[in-house]
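Chemist: Got a predicted structure here, sequence first:
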Amino acid sequence: MVKLKSLAEAAAMVPNGSALAIGGNALNRAPMAFVRELCRQQKRGLRLIKTAAAHELDLLCAAKAVSVVDAGFVSYETYFGLAGHYRRGVESGEVIANEHACYTVICALRAASMNVPFMPVAGLKTGDLLTHNDYFMVVEDPFGGQEPVTLVKALAPDVAVIHVHGCDEEGNAIIEGPKFEDVLLSRAAKKIILTTEKIIPAQLLKPKAHQIAIPGFLVDSIVVAPKGAKPTSCYKLYDVDEPALKTFLALENAELAAYLKKGEGWGYG
């Protein structure tokens, strides 16, 4: 099977209504070229899964692509402020927000990676999370312990999209610097799509086999996308594109509609 695909071909692998996990963390190494292509293809009804989301989720909400979000944190960080399109989607009822802590998203993904229906969550004993999110349940310890046990229901993404520093044509991928939850996503999701800064010839990757974070046999498709995380950062390669984010956040409704139509040719490649 040929794994190398265009952005358009790979994005077409994400059906409307999919549970979609997106790699990276906040403004770090999000697969933004892929997210922009999802907007261009006018995806609808997506369920977004992520521990800490920022521009990728806000952009998809601006494009009316999202119906449900499972996340522990959503914000642009520091002086960029909150994710306004996401907030308006939740306030209007267009987007259902299943509130989590980042750690409970991780536990739910771990359950999916182990093919079990739920996972115990240590430390979560009380609070609104337990009463306002149906993905949590408190039960008696079945082994006779005195403390009740909090469970979180598994979150199994239909597709996970992860941006990596490099991979070979089989999808054996290297991630430089923090990996965040990307390795876990590659084990929990049913399909994996990689966007990569570059293709590394297999013979050059062999000496670096110990650095492979995601093995190729897990990967369904690969998209070569230099600067594919912009305007978020990619460790050692480029930093957050602050002017681009400020431009997006300042867009009025009419300007936003034109912005969303740009699709693949938005100038980051």
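Modeler: Yep, that arrived.

Chemist: which stretches of this structure have low pLDDT?
Modeler: In the predicted model, the chain carries pLDDT under 70 at residues 1-2, 263-269.

Chemist: Could you pull out the helices in it for me?
Modeler: Counting by DSSP state H, residue ranges of the helices within the chain are 7-11, 32-40, 55-62, 84-92, 102-113, 129-132, 182-188, 202-205, 242-249, 253-260.

Chemist: To residue 142, which of those helices lies closest?
Modeler: Within the helices of the chain, the stretch nearest residue 142 is helix 102-113; the backing value is 16.5 Å (C-beta to C-beta). Backbone N, C-alpha and C define where each C-beta goes, glycine included.

Chemist: if we look at the closest one, which residues are touching it?
Modeler: Defining contact as C-beta atoms under 8 Å, 6 or more residues apart in numbering, one finds that helix 102-113 is touched by 21, 49-52, 70-73, 100, 117-121, 123-124, 129, 135-136, 152-157, 181, 184-185, 187-189.

Chemist: and if we set it to 7 Å?
Modeler: 49, 51-52, 70-73, 117-119, 121, 124, 135, 152-156, 181, 184-185, 187-188 (C-beta atoms under 7 Å, 6 or more residues apart in numbering).

Chemist: what's around residue 71, how many residues?
Modeler: Using other C-beta atoms under 10 Å, the number of residues around residue 71 comes to 21.

Chemist: dump the residue contacts of it.
Modeler: 48, 50-51, 53, 100, 105.

Chemist: who wins for most neighbours among the residues you listed?
Modeler: With neighbours taken as other C-beta under 10 Å, the top of the contacts of residue 71 is residue 50, carrying 31 neighbours.

Chemist: you'd agree that residue is up against residue 22?
Modeler: Yes - the criterion here is C-beta atoms under 7 Å, and residue 50 meets it with residue 22 at 5.4 Å.

Chemist: give me phi/psi at the nearest residue to residue 108 once chain neighbours are set aside?
Modeler: The spatially closest residue to residue 108, leaving aside those adjacent along the chain, is residue 155, at 3.9 Å (C-beta to C-beta, 6 or more residues apart in numbering). Dihedral angles of residue 155 (phi, psi; degrees, to the nearest 10) stand at phi -120, psi 110.

Chemist: so who does residue 155 touch?
Modeler: By C-beta under 7 Å, 6+ apart, the contact list for residue 155 reads 49, 70, 105, 108-109, 112.

Chemist: gap between it and residue 126?
Modeler: With distances defined as C-beta to C-beta, to the nearest Å, the gap from residue 155 to residue 126 amounts to 22 Å.

Chemist: do the same with residue 250
Modeler: When C-beta to C-beta is applied, the distance between residue 250 and residue 126 equals 41 Å.

Chemist: Next, the buried residues of stretch 195-214.
Modeler: Applying a neighbour-count criterion of 16 or more other C-beta atoms under 10 Å, one finds 195-197, 200, 205, 212-214 buried in stretch 195-214.
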